[in-house]
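# Provided below are the primary sequence and the corresponding predicted coordinates.
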Amino acid sequence: MRTITLYSQPECHLCDRAKDVLARARRQVDFALEIRDISQEAELLTRYGHDIPVILLDGVEIARHFVREQQVLELLRRNDP
C-alpha cells in the first residue's frame, strides 16, 4: 500500500486544505495517511518551519504549500497494480 505523509501543524489553513484534498483523494484510491505535527518534533520544526504543508508519497516530496487532488490521484495511480 502506498503511503502519503503530511507534515503540518495546528492552526495552519493551508494544512487544513491539504487534509481536505487528501481525504477526497482517499475516497477514490486507497492509501495509508500519516499526519506528522512538526510542532511536536524539533527536527521537523527546524527543517520546515513555516514552509508547510509538505506532502510526501512513499517518502518522496510531491508538494509543498499547495496540493491538487488530481495531482495526488495521478501520482498514486502511476504505479498502481
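Happy to help now that I have it.
# pretty sure Ile62 contacts Leu75?
Yes - using Cβ atoms under 8 Å, Ile62 makes contact with Leu75 at a distance of 5.8 Å. For glycine as for every other residue, the C-beta is placed from the backbone atoms N, C-alpha and C.
# what about the two, which has more around it?
Between Ile62 and Leu75, counted using other Cβ atoms under 10 Å, the more crowded position is Leu75 (21 against 16).
# The more buried one reaches Glu61, doesn't it?
No - Leu75 lies out of contact with Glu61 (Cβ under 8 Å); the separation is 11.3 Å.
# thinking Ser39 is in contact with Glu11, fair?
No - Ser39 is beyond contact range of Glu11, at 9.4 Å (criterion: Cβ under 8 Å).
# higher neighbour count, these two?
Using other Cβ under 10 Å, the more surrounded residue of Ser39 and Glu11 is Ser39, with 14 against 8.
# So the more buried one belongs to a helix, correct?
Yes - secondary structure of Ser39 (DSSP: H, G, I helix; E, B strand; the rest coil): part of a helix.
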